[in-house]
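*Asks:* let me see the structure of the following:
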Amino acid sequence: MPLDVGVQVSIINQYTNRNLVSAPGTRVLIWTVPKDCRESTVTDSRTARDEPLTGSPEPKQCNEPCPVERGMRILGGKWKASILWHLQAGPMRFNALSRELGGASKKMIAERLKEMEETGLVSRQVIATKPVAVTYELTPFGHSALGILESLHDWCVDHDV
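*Replies:* Got it, this is the predicted structure:
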């Protein structure tokens, strides 16, 4: 029996004891897999605006982020990929990098560089000059991500994106 849109449903997964809760305004499709399959009850939380639900189950969601999601947490985010792309030629001072990234504010660039330094993508070096200058450069970990950006670049060129 289908549930009404807007009804919030809470189901306890019998094997993991995790509470699966639907968001208000979502459709829920519930089916039970035979006990010999040792699978849990599954929910489908597509909204009513999505395509009609089919009888085939969606793949189970992982309890942990998948490798693509973990990678996007490191490389995703506004301006991070552009910063990596511009640093591939070598170390750059902060102001030179901000000029390369025309549409980004200095505050945004500083925040992204700090995040990238914390994740090990870039290293920061303070140069004791008057006035004090700061340069950023890719770490070996940051260089290893350039292949992904080169593939993205090629994909965009190939498809006129």
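*Asks:* how about Val126, secondary structure?
*Replies:* Secondary structure state of Val126, per DSSP: H, G, I helix; E, B strand; the rest coil, is strand.
*Asks:* which element is the closest residue to it other than its chain neighbours on?
*Replies:* In this structure, Val126 finds its nearest non-sequential neighbour in Val134, 5.5 Å apart by C-beta to C-beta, 6 or more residues apart in numbering. Where you see a C-beta, it was placed from the backbone N, CA and C, and this is true even at glycine. Here Val134, judged by DSSP states H and E, is contained in strand 133-138.
*Asks:* if you count neighbours, what's buried in that strand?
*Replies:* Across strand 133-138, burial judged by 16 or more other C-beta atoms under 10 Å covers Thr135, Tyr136, Leu138.
*Asks:* next SSE downstream of it?
*Replies:* helix 140-144.
*Asks:* mind checking the pLDDT average for that following helix?
*Replies:* Averaged across helix 140-144, the pLDDT comes to 96.
*Asks:* quick check: buried residues in stretch 99-110?
*Replies:* Applying 16+ other C-beta under 10 Å to stretch 99-110 flags Leu101, Ala104, Ile109 as buried.
*Asks:* stretch 109-126 now?
*Replies:* Ile109, Arg112, Leu113, Met116, Leu121, Val122, Ser123.
*Asks:* one step back: any idea how far the residue nearest to Val126 is from Leu113?
*Replies:* 9 Å (C-beta to C-beta, to the nearest Å).
*Asks:* which residues do those two both contact?
*Replies:* Common neighbours of Val134 and Leu113, using C-beta atoms under 8 Å, 6 or more residues apart in numbering, are Phe94, Arg124.
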